[in-house]
Structures are given as C-alpha cells and as structure tokens.
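K.L.:
Sequence and computational prediction follow.
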2 protein chains.
Amino acid sequence: MSEFPSSVEFHEEGPREGFQMEKTHYPLEQRKVLIELLAESGLKQIQVGSFVSTKAVPTMADTAELFAAIDKKPGTRYTSLWLNEAGFRRAVATPGITLDGKILVYTTDEFCLKNNNCTVLELREKQKRWLELYDNAGVPFEQAYIITAFGCNYEGEVAVSKVVDAVRFLEELCSSSKRPLPHIYLADTVGWANPESIKRRISAVRNAVPAVRIGTHLHDTRGLGAANVYAALQMGVDLFDSSVAGLGGCPFAKHANSHGAGNICTEDMVFMCHELGIKTGINLEILVEAALFAERMIGRPLAGKLMHAGIPRKK
Amino acid sequence: MSEFPSSVEFHEEGPREGFQMEKTHYPLEQRKVLIELLAESGLKQIQVGSFVSTKAVPTMADTAELFAAIDKKPGTRYTSLWLNEAGFRRAVATPGITLDGKILVYTTDEFCLKNNNCTVLELREKQKRWLELYDNAGVPFEQAYIITAFGCNYEGEVAVSKVVDAVRFLEELCSSSKRPLPHIYLADTVGWANPESIKRRISAVRNAVPAVRIGTHLHDTRGLGAANVYAALQMGVDLFDSSVAGLGGCPFAKHANSHGAGNICTEDMVFMCHELGIKTGINLEILVEAALFAERMIGRPLAGKLMHAGIPRKK
C-alpha cells in the first residue's frame, strides 16, 4: 500500500513564480527579506528569479542585483531560471548562484509549437546543445522536466506512453554521452493531473528507469493539488517543486494559459508531510511567517490555507 | 489497494455555510437562484438555510420564506439545520422541507462544554430527547455526526478510541430503541484531519459497525481538503458534505474558531471524482455556473479552483 518516503525535499519557486507575472515591481529589498526567511525556514533550494528578457518580464530585470543582495545561508542552493543561451550566460556570470543544469522535454507537438516554435522531436535535438553549454561551463546536468506529462490544453490527455517515450529519449541522450540520468520531473503546469494519473505515470517512469529519482512540478489549478501530492507521496516520491503561500495564483482570473494558477503551496504540503510523519527539515513556524510576509507584499489574499488557519497546537 | 466507490453523493451545504457568517444579508431572490442552479446541476440534497436564533444569525431569519420561494425540483431534498427544539418546530412547520433527523455526538469535554455547556456524556443523554422529537414528528433518524472526530483545538488530537466510543454509544442508543443505525459522519470542522488519520478512523468505524454507511464532513482549513477526500474515496466512502465554490471561507482571517474555513469545495471534488471514474450524477458545467454565481453574489474571490481554471476540454 502506501510507501511514504522517510523524508521529502521541497524546491521553493515562489520568489520567481510569484513575482514574474505581477504588474507591480516588488522592491528588491522585500524580495530579499522573503528569500532570507525561506532559507531560514530550512528550505534547501530556492529559485531566486529568472534571467529572461527584461523587456518581456521587467519584474525579473534585477535578478542579478537580488542575488548580490541576499545574505546567503551556507548549504542553501540559490537557483534561477533561464530560457536561452543569453540568459544562461547571465546566470553563469552571477556570483553566489547555484547552476542546476536542466532541460525540458515536451510531449505534444501543438503545445511545443506554441511555446518553442518547433516540434517535440526538433526541440529534443536542440537539448543536446544545452548539454554542451553545461559541460563547457562546468555545470552539472541535474534535472529533466517532462512538460505536460499529464495533459495539454491543445491535445487533451497525454498518454502514459508519451511520457515513457520522453524518458527513453533522456536515456539515449545520457547513454550516448556517457552521463548518468538526471532527476526526472513530471510537470503539470496546466492542471491536468489527478491522483490516479500521477500514480500511473510514476509507475511507468519507475518501470522504465528504476534507479532514477522522480520529482513533480504540480500546480493547484483545479483544486486537486493536495490530493496529487498525497498520491505522489504514496508512490514514494520525495522531490517537489512548490511555492510559498501558493504564490503565482491570480484571483478572479480565467487562466486559459499555462501560468494562471499557482504552484502547490509549500507550507501546506510541508504541513501534510509532517502530519504523515515524513521529515522535511523545515521549521513550519518560520515558513508560515514567510508566507504571511509574501501575502502582505502582494497585498491580496493568497491561496495558502495553513497560514490563515494557523498551525494546530498539539498536546 | 484503492477501493473507490462506483458512485458518490454530495450533500450541498453552501447556501447555509456561505451566508450564515456574512455581515451582509444576501437577498432572498439571489439565494433562490443559487439553490435552483444547484438543484439543476443534479445535486440531490441541498441545505437551504438554518432555523436558528434570528437575533444571533439575522442572515438566516428568512429561511422559511426562502423555502417557499424555491421552485423545487422533484427528487431533490431541500434540508435545513436546527440546533434546538424551537428551531426544529419551525423546520417542521415549513412546507416543502425534507426533515433529515440528525444528532451530534461529541468526543471531547472541553469542546462540548464550550459549545453546549455540558460534558460529552451529558450531551449524549440529551440526544435521546431528539429521537423522541423525531419519532413524534414522524421524522426519520438518518444521520449522526461525530464532532471533532480528528482533533480539537482545546484537547489536541482525538484518539481513534474516542471515535469508536462514540460509535458504541450510537449502537446502544439504536439497539435499545430498536431502530437501525443512521449514517455516521466523521466531522472535521476545525481542520485536524489528514489523509492517514481519515483512513485510520474510517477503518475503525467500519470494523465496529460494518454495515453502516460512513460519510465525512470536512473543511479545507489547512489545505489538505482534497487529499482528505481522496483518502476517504480510497476507503470507499461515498457520502460527502461540501459547499459550492468552497463557500464559508473568510479571506485574510485568522480563524481560531471552528467555523472560519470553508467546507471542501463541491465542484472541485466532483471534478476529482469524475477524473477518477467515479459517478456523481452531477453536471459539472451547471455546477461551475452555480459556483461563479455564488462568487458574484459574495463579491470577492472564493476558494474554489475549478471555476477559475475552467473544466479541461477532453478530446
């Protein structure tokens, strides 16, 4: 039955997810405080921001300055997002950053064409270039994200076989360049996952590559986030991307696009792990403090629940 | 492993949960439209309002008028809440109402004293009076709620043995008066349940009284609502109280009291059931329409997620 992991790692994405979409530019000083609180809570990996077009995403234009400003906690990994070579080079040039080499593998052509102007197979070919870049910069290739591993707003439900096909591609890519497989993340940015579809895909990936560590990148798009995390925990998954306070959501918005709904909420999911007896290494009181700080920054109610209800006092 | 029920019944509590706590009095005409939409969606039981002190809860003062105004759909049960004999008599006098006889069984003295000014055992004695009242009015005794079946803000986690003790009381109560056991609801209005504590308590109740139908009354107080429902579904539970749009929540509020956080959200949980292949008899499009109507009435973003993201279009 349930095979919970003994401990779970949360990778915090709130500081990027939460602010990249906002119209307001939140002061660097506030984002610094938030990130320092998150590190203090015990989170070991925090995505600070992104090195993307400063025209397209002006709220992320000061990411390098933010990295410089953070009072860094030893042992914590401060990471970032990049989407092209120019962005990667800016990241490489940033002191204090942890560069976690990653690639994205798509499953459906229509979604891939809309996002990358090329087919799934064409994009896979291009990933080889990333491995070269990472090798040249001495950056470890750590993570592969299988994008739309559950469903796609254009093509509907994504078959398990397409997820396995993406895994097979990763296997070939790594074996041909004699490197170990990275962690494989099943991503559901558009909110198609349900607890059973999570279990089916995790089983299939584990059957295909038993030694690989599997992670999930889930959004609480349609209210199944907690159930999906619980299902992943039941399958022994011990690696989750998440956002403090559920940052990234957008009230009253019809989010037909892929970024409208927030990530699963870090502190609510940490709370669930603790209730289930699973270790996280996180101090929930400090994490809730960070969530409330994030909510005050944003200035509207955020999706997180625990921060509003309070941590139950055990006797 | 998972033993999902083939179909699930949702009892809608939004029209009462959502409006009883509000400072604004929402017009009867709007609540009528909401209730009619809910019935049209296929929900078979809808709690219209409550017969409680009109001084303490002025927003529920027109419950009888609301019952009279609703254009009732044949086969739908329109129910209400009462807390004392006077309220019950008002309910009995209301045409078109379905009277579902229920009793409440507490598990912890401190919570019981705060709510009822008597101990758990004293309150259990008083429940016999309800059975007399129901018998005299020809009302079937259908439901028993085990209040704080998971935890209590005063006494901490509630032991499984206390839940079983409450079930034993119900067994004696029914056998001594030669009536069948009612449906037994495990209630978590204060948000202490987690998926594993749900499973433990459902197992224990089922072991004690195998033939009884078990329901849950869960609030999404700390973000585990969907995971808790999924856990209950895994245990074969087929009866859930819920609120459209997650009505009943309160943004930005620190809800130390027992009613601050909304019920689990009906349409999100119906969506989950459908995704898991479990029948509900509900038309999700109409239910989402009802949720959006409720949100417009309340005038602030409500907790429901599916209504904001939209139902995914399957190919």
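P.N.:
Cool, got the structure.
K.L.:
Which parts of the stretch 51-200 of chain A are helices?
P.N.:
A:63-69, A:85-92, A:109-116, A:120-137, A:160-176, A:195-208 (DSSP state H, counting those that start in this stretch).
K.L.:
what's in contact with the first one?
P.N.:
In this case it means helix A:63-69. With contact meaning Cβ atoms under 8 Å, 6 or more residues apart in numbering or on different chains, helix A:63-69 is reached by A:28-29, A:31-32, A:35, A:48-51, A:78, A:80, A:90, A:93-97. Backbone N, C-alpha and C define where each C-beta goes, glycine included.
K.L.:
Pull out the buried members of those.
P.N.:
Neighbour counting by 16 or more other Cβ atoms under 10 Å in any protein chain shown classes A:28, A:31-32, A:35, A:48-51, A:78, A:80, A:90, A:94, A:97 among those as buried.
K.L.:
CA atoms only: put stretch A:52-69 into CSV for me.
P.N.:
Extracted in CSV, the C-alpha atoms of stretch A:52-69 (Å, rounded to 0.1, in the frame of the first residue of the first chain):
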residue,chain,number,x,y,z
VAL,A,52,14.9,36.2,-19.2
SER,A,53,14.1,39.1,-21.5
THR,A,54,14.0,42.2,-19.3
LYS,A,55,11.5,43.7,-21.8
ALA,A,56,9.1,40.8,-21.6
VAL,A,57,9.4,40.3,-17.9
PRO,A,58,10.5,43.6,-16.3
THR,A,59,9.9,42.4,-12.8
MET,A,60,12.8,40.0,-13.1
ALA,A,61,15.2,42.6,-14.6
ASP,A,62,17.1,43.0,-11.3
THR,A,63,17.6,39.3,-10.6
ALA,A,64,21.4,39.7,-10.6
GLU,A,65,21.2,42.5,-8.1
LEU,A,66,18.9,40.4,-6.0
PHE,A,67,21.4,37.6,-5.9
ALA,A,68,24.1,40.1,-4.8
ALA,A,69,21.8,41.4,-2.0
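K.L.:
Tell me which residue is most central in chain A.
P.N.:
Nearest to the geometric centre of chain A sits A:Asp241, at 3.7 Å (Cα atoms, centre = their mean).
K.L.:
Check the secondary structure at that one for me.
P.N.:
strand (DSSP: H, G, I helix; E, B strand; the rest coil).
K.L.:
how close does it get to chain B?
P.N.:
16 Å (Cβ to the nearest Cβ, to the nearest Å).
K.L.:
Quick check: nearest residue in space to that residue, chain neighbours excluded?
P.N.:
Leaving out its chain neighbours, the residue that sits closest to A:Asp241 by Cβ to Cβ, 6 or more residues apart in numbering or on different chains is A:His217, at 4.2 Å.
K.L.:
and A:Met307, what does it touch?
P.N.:
By Cβ under 8 Å, 6+ apart, the neighbours of A:Met307 are A:Ala245, A:Glu267, A:Val288, A:Ala291, A:Leu292, A:Glu295.
K.L.:
Over to the fourth one. Which of the three states is it?
P.N.:
Right, the one you point to is A:Ala291. A:Ala291 ends up helix, using three-state DSSP.
K.L.:
still on that earlier bit, I figured the residue nearest to the centre of chain A was touching A:Gly225, is that so?
P.N.:
No - between A:Asp241 and A:Gly225 there is no contact under Cβ atoms under 8 Å: 11.7 Å.
K.L.:
where in chain A is pLDDT low?
P.N.:
Applying pLDDT under 70 to chain A flags the ranges A:1-2, A:249-260, A:315.
K.L.:
Quick check: PyMOL command selecting the buried ones in the contacts of A:Met307.
P.N.:
To isolate the buried ones among the contacts of A:Met307 in PyMOL, judged by 16+ other Cβ under 10 Å, type:
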select buried, chain A and resi 245+267+288+291+292+295
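K.L.:
In CSV: the contacts of A:Met307, plus distance to A:Pro140.
P.N.:
Shown next, in CSV, are those (distance: Cβ to Cβ, whole Å):
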residue, distance to A:Pro140
A:Ala245, 30
A:Glu267, 29
A:Val288, 33
A:Ala291, 31
A:Leu292, 35
A:Glu295, 35
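K.L.:
Identify the farthest-apart pair in the contacts of A:Met307.
P.N.:
A:Glu267 and A:Glu295 (11.4 Å; Cβ to Cβ).
K.L.:
Give the residues shared as contacts by these two.
P.N.:
Taking Cβ under 8 Å, 6+ apart as the contact rule, A:Glu267 and A:Glu295 both touch A:Ala245, A:Gly304, A:Met307.
K.L.:
Contact partners for the first one?
P.N.:
In this structure, A:Ala245 makes contact with A:14, A:18, A:265-267, A:290-292, A:294-295, A:302-304, A:307, judged by Cβ under 8 Å, 6+ apart.
K.L.:
is it true that it lies in a helix?
P.N.:
Yes - counting by three-state DSSP, A:Ala245 is part of a helix.
K.L.:
Next one: it from A:Ala309, what distance?
P.N.:
According to Cβ to Cβ, to the nearest Å, A:Ala245 stands 13 Å off from A:Ala309.
K.L.:
With A:Ser203 instead?
P.N.:
A:Ser203 is 34 Å from A:Ala309, by Cβ to Cβ.
K.L.:
And those two? Which one has more around it.
P.N.:
Between A:Ser203 and A:Ala309, counting by other Cβ atoms under 10 Å in any protein chain shown, A:Ala309 is the more crowded of the two (24 against 12).
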